[in-house]
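Engineer: please work out how this folds:
(chains A and B)
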Amino acid sequence: MSEASPAKAYSLHLGVIALLFVLSFVLPDYYHGLLARIMVLAVFAMGYNMLFGYVGLLSLGHAMFFGAGLYGAGLAIIQLGWSVPLAFLGGIACGAVLALVIGLLALRTTGVAFMIVTMMFAQVCYLLILYFAAWTGGDQGQVVPQPARVLNLGATSLDLTNPTVRYMSALVLFSLVLLVTLAVVRSRYGRVLVAIRENEERTKMLGYDTFSNKLIAVVVSGTVCAASGAAYALLFGYVGSSFASVQYSILPLLWVLLGGAATTLGPLIGTVFMYYVIDVTSGYTSAYLLIVGIALIVLVLFFPKGILGSIRQRWLGWLP
Amino acid sequence: MIETSKAEASKTEALRISGLDCFYGEVQVLYGLDLVLNKGEVLCLFGRNGAGKTTTLKAIMGLVPSSAGSIKLAGRELTGLPAHEVPKAGVAYVPQGRRLFAEMTVAENIEIGLMARGKGKAVRENVLDLFPLLRQRLRQRSGTLSGGEQQMLAMARALCLEPQVLLLDEPTEGLMPSMIAKIRETVSKLREMHVSTILVEQRVDAVLSVADRVSFIENGRNRETVDVEELRADPSAVRRYVGVG
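Structural biologist: You can find the predicted model right below:
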């Protein structure tokens, strides 16, 4: 945990948000769209980091929360004709309820068992998406119609398919989640979560109800991931079963490990790094995954705590 | 008459354990253990390794479930309470090996202790007055402290709960003599502050210097409880139960 003054920590985070805002005006079209996607997925990673980084619970099933938000929002528009704000809230609610149920069941286990149980629940959700193909579109997925992806704000309306609106919407969500994460991490509750990660029995011995605290963390984590999924459906107009597959449970783990677990900006750094390494290397060779793999091995060897985690450990101890 | 004597006992007793049975899986570890800790005293649990001393402390904290018997804190039954409720009832535990939050600073470790019972700055200052060395280390990561400093921090964190009863499991284990003296001094200060303490200890000199009474634990039973003065006069009990002295 850092000893940074609140002003220093918030200045850094506001600086990152300002930088992302400025980038919107200077990036070429392709990278503009890519960064919007990265910001939404970084929110997914931030939700994952809340549980893995701060509580030390390794889940292999977070794709189900992303999927809950994705399908909750997407199907609310496609099947029920809901408006964008309602669909977004519906997606978040789906993720929150699912996280509560999964948390109540999965938190009876710890360690490897928790990992397996969350993976099994995620597989159940994935198979349910395929089984109810008439509603969900199965493995083909469904496109959210472009006319429905309009946010009506009284006299004016915002077309979410417009690249600038999409980028700014992603930035607003990202900024909100980043600042809330920072506030949570710096709060008393955040310190209790870290204490649980460090030594759960000892935390219990100080009088903390560790089960309830972990359950709240699962729900917060699942809700943030669902918000990311809901935003993805609304901003990019597609809901597909691949987003609920095991690959999407492993990806946020990878992003967080790369960027630095238990660092607030690590998920963004990890997501950016992975996306750009894949993007750049795939331009040179079809065996780009080999290069990505080598890059990962080098990173793990020299930055075992992730990029920001290692920077914090070696040079900037105050980084939150 | 019986009711009157019970009421009088509760005025002087901080903790009473009666007929406690505990199991690790199929293996019974405590056999009808009886123990009384009076208010403001230091009671030492003495015995060989595996006698059941640490299990007794864990049973009080609810970490090891009891299958029979009762544990009463100033008349309030503790058995059956979830483990996290026991500290709230007024019992603090410093386990063997300290178990600090190694990644947190000294200040954060203390803060976690204070937050647990909603205690404020005054309690923090009182605790730091007891351990002035920690004041100089507040911003240091607790995992980098020396063994003695870690032990002090573990005790400080437990005292942030302002417990009625403090359980210390081998606090001087592996420490250098100067640190052992400081820990003993602190235990004596706690007695002056009317904190009732159960101390698990293997060192005879430590027992004789800080304890008021000594309970000899053998094979999961409290064989005998004696005043430390009696023990000083006749240390044969130490030889009888642990073969030293």
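Engineer: now the host helix or strand of residue A:101: average pLDDT?
Structural biologist: Residue A:101 belongs to helix A:84-106 when elements are defined using DSSP states H and E. Model confidence over helix A:84-106, given as mean pLDDT, is 97.
Engineer: contacting residues around the helix or strand that residue A:309 is a member of?
Structural biologist: Assigning secondary structure by DSSP H and E places residue A:309 in helix A:307-314. Residues outside helix A:307-314 that contact it (Cβ atoms under 8 Å, 6 or more residues apart in numbering or on different chains): A:2, A:258-263, A:265-266, A:269-270, A:273, A:299, A:302-305, A:319. From N, CA and C alone the C-beta is placed, and that goes for glycine too.
Engineer: which residues touch the residue of chain A found nearest chain B?
Structural biologist: The minimum distance from chain A to chain B, using Cβ to the nearest Cβ, falls at residue A:207 (3.6 Å). Residues near residue A:207 by Cβ under 8 Å, 6+ apart: B:84, B:85, B:86, B:87, B:88, B:116, B:117, B:161.
Engineer: how about the host helix or strand of residue A:181, which residues are buried there?
Structural biologist: Assignment of secondary structure by DSSP H and E places residue A:181 within helix A:163-186. Within helix A:163-186, the residues that count as buried by 16 or more other Cβ atoms under 10 Å in any protein chain shown are A:165-167, A:169-171, A:173-175, A:177-178, A:181-182, A:184-186.
Engineer: show me which residues of the stretch 151-300 of chain A sit near chain B.
Structural biologist: Near chain B, the residues belonging to the stretch 151-300 of chain A are A:188, A:191-192, A:194-195, A:198-199, A:201-210 when assessed by Cβ under 8 Å from any Cβ of the partner chain.
Engineer: just the buried residues out of those, in PyMOL syntax.
Structural biologist: Of these, the buried ones can be selected in PyMOL as follows, counting by 16+ other Cβ under 10 Å:
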select buried, chain A and resi 191+192+194+195+198+199+202+203+204+205+206+207+208+209+210
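Engineer: show me where the chain has strands.
Structural biologist: By default, I'm working from chain A. Taking DSSP state E as the test, the strands found in chain A are A:142-143, A:150-153, A:156-159, A:238-239.
Engineer: should've been chain B
Structural biologist: Secondary structure of chain B by DSSP E: the strands cover B:13-24, B:27-38, B:42-46, B:66-73, B:76-77, B:91-94, B:165-169, B:196-200, B:213-218, B:221-227.
Engineer: check those strands for me and report the most buried one.
Structural biologist: For the strands of chain B, the stretch with the most neighbours on average is strand B:91-94, a mean of 27; neighbours defined as mean count of other Cβ atoms under 10 Å in any protein chain shown.
Engineer: output the contacting helices and strands for it.
Structural biologist: Helices and strands in packing contact with strand B:91-94 are listed as helix B:53-60, helix B:147-159, strand B:165-169; criterion 3 or more Cβ pairs under 8 Å, 6 or more residues apart in numbering or on different chains; DSSP states H and E.
Engineer: need these in JSON lines with mean pLDDT and distance to residue B:95, can you?
Structural biologist: Supplementary listing: the helices and strands packed on strand B:91-94 in JSON lines, determined by pLDDT from 0 to 100; distance: least, Cβ to Cβ, whole Å:
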{"stretch": "helix B:53-60", "mean pLDDT": "94", "distance to residue B:95": "8"}
{"stretch": "helix B:147-159", "mean pLDDT": "90", "distance to residue B:95": "8"}
{"stretch": "strand B:165-169", "mean pLDDT": "94", "distance to residue B:95": "5"}
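Engineer: with distance to chain A added, can I get the ones you listed in a markdown table?
Structural biologist: Supplementary listing: those in a markdown table, determined by distance: least, Cβ to the nearest Cβ, whole Å:
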| stretch | distance to chain A |
| --- | --- |
| helix B:53-60 | 10 |
| helix B:147-159 | 7 |
| strand B:165-169 | 10 |
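Engineer: export the ones you listed to CSV and tack on distance to residue B:18?
Structural biologist: Shown next, in CSV, are the helices and strands packed on strand B:91-94 (distance: least, Cβ to Cβ, whole Å):
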stretch, distance to residue B:18
helix B:53-60, 12
helix B:147-159, 25
strand B:165-169, 16
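Engineer: about what we covered before: and chain A, which of the contacts of residue A:207 reach it?
Structural biologist: B:84, B:85, B:86, B:87, B:88, B:116, B:117, B:161.
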